[in-house]
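Student: predicted model follows, preceded by the sequence.
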Amino acid sequence: MTQTTNGSPARRRVLVTGASRGLGLAIAHGFAGQGAALAVNGRDGAALEAVAASLRAGDTPVVLAPGDVARDAPAIIAAARAGLGGLDVVVHAAALRDRRPTAELDADAFSALLDANLTGAYAIGRAAMPHLAASQAGRLVFVTSIAAMVARAGDPAYAAAKGGLAALTRSLAVEFGSDRLTVNAVAPGFFATETNRGLAADPAITRFIDMRVPLRRWGRPEEIAPAVLFLASAEASYVNGVTLTVDGGLSARM
Ligand SMILES: NC(=O)c1ccc[n+]([C@@H]2O[C@H](COP(=O)([O-])OP(=O)(O)OC[C@H]3O[C@@H](n4cnc5c(N)ncnc54)[C@H](OP(=O)(O)O)[C@@H]3O)[C@@H](O)[C@H]2O)c1
């Protein structure tokens, strides 16, 4: 990667996990629009190839860092780092969705979801930290959820994982905070991604959104990227350990 005269990379080097679709993909496009060099992660290599091709169309250098975040975090970080020549920003968006009420969710299923969504985030953060610390402006941004703060009935594992991720954000921010390294999170509300297509077609959910979300609509995937870009920016140099809610006002409503 070309270097500027002060030794920092000419393009920021950014890994986005869970970049093959949905919010992670929208975030990857946001960084591509800023001229970043990208590493994209997901478990499906063919889907990642297609995503990389679409991102490269705009002259963005893109490398693949495939793997399961819970099992392969060191290899994912190593692939991103090797392909980009270092890492300045890691955005962790990968997560599983397994919405099941308590009666249908035994302890093994609960544990499996925590493993994917919370332990996976920890593993990515842990593997990334030394490289982010070596950057001129290291940034770790987790994608949590308003489920970390407010609950819907029948979704205990996802809520526990996302609540844990908000706490992990604070914990890593406090442990690793330095002049150049910050750890923050975004908490999306209801976003109209492919994964939510079934929900979006449900009239009961449409009524809920209309009644409960002050902006009275779903979020568009491209509306999450600016929040992440801000937390990853030089302008956010004194923002550390926060979770920025992006939910159209849903969690502010009494
Ligand atoms: N959409 C919403 O309304 C909403 C609301 C609140 C929070 N969020 C959060 O935002 C993030 C993205 O949500 P989304 O709706 O865009 O989800 P999505 O469409 O289901 O995409 C999930 C992404 O993560 C990857 N992934 C899943 N498990 C993985 C694993 N173990 N290792 C590596 N990659 C994995 C998937 O690719 P592969 O399947 O190929 O691995 C995919 O790229 C998630 O953290 C989610 O919890 C979303």
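Tutor: In hand now; what should we look at? Predicted model only: the values in this text are computed from it and were never measured. Numbers count the residues shown, from 1 in each chain.

Student: ok, now which ones touch residue 131?
Tutor: Residues near residue 131 by Cβ atoms under 8 Å, 6 or more residues apart in numbering: 77, 81, 86, 87, 138. From N, CA and C alone the C-beta is placed, and that goes for glycine too.

Student: let's have these in TSV, adding pLDDT, distance to the ligand and secondary structure.
Tutor: Formatted as TSV, the contacts of residue 131 follow (pLDDT from 0 to 100; distance: Cβ to the nearest ligand atom, whole Å; DSSP: H, G, I helix; E, B strand; the rest coil):
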residue	pLDDT	distance to the ligand	secondary structure
77	98	12	helix
81	98	17	helix
86	97	22	coil
87	98	17	coil
138	97	21	coil
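
Student: looking at those, state which has the most neighbours.
Tutor: The most crowded member of the contacts of residue 131, judged by other Cβ atoms under 10 Å, is residue 77 (28 neighbours).

Student: pretty sure that residue contacts residue 84?
Tutor: No. Using Cβ atoms under 8 Å as the test, residue 77 is too far from residue 84 to be in contact (10.7 Å).

Student: and for those two, which residues touch both?
Tutor: The contact sets of residue 77 and residue 84 overlap at residue 15 (Cβ under 8 Å, 6+ apart).

Student: pick out the residue of this protein closest to the ligand.
Tutor: When scored by Cβ to the nearest ligand atom, the chain has residue 22 as its residue closest to the ligand, at 2.0 Å.

Student: count the residues that sit near that residue.
Tutor: As a burial measure, residue 22 scores 21 neighbours (other Cβ under 10 Å).

Student: hang on, isn't it packed against residue 221?
Tutor: Yes. Between residue 22 and residue 221 there is a contact at 6.4 Å, judged by Cβ under 8 Å.

Student: what touches both of the two?
Tutor: Common neighbours of residue 22 and residue 221, using Cβ under 8 Å, 6+ apart, are 191, 193.

Student: do stretch 205-221 and the ligand meet at all?
Tutor: No. Against the ligand, stretch 205-221 shows no contacts by Cβ under 6 Å from any ligand atom, the least distance being 6.9 Å.

Student: for the residue lying closest to residue 26 once chain neighbours are set aside, give its distance to residue 252.
Tutor: Nearest residue to residue 26 in three dimensions, chain neighbours excluded: residue 221, at 3.8 Å (Cβ to Cβ, 6 or more residues apart in numbering). As judged by Cβ to Cβ, to the nearest Å, residue 221 and residue 252 stand 21 Å apart.
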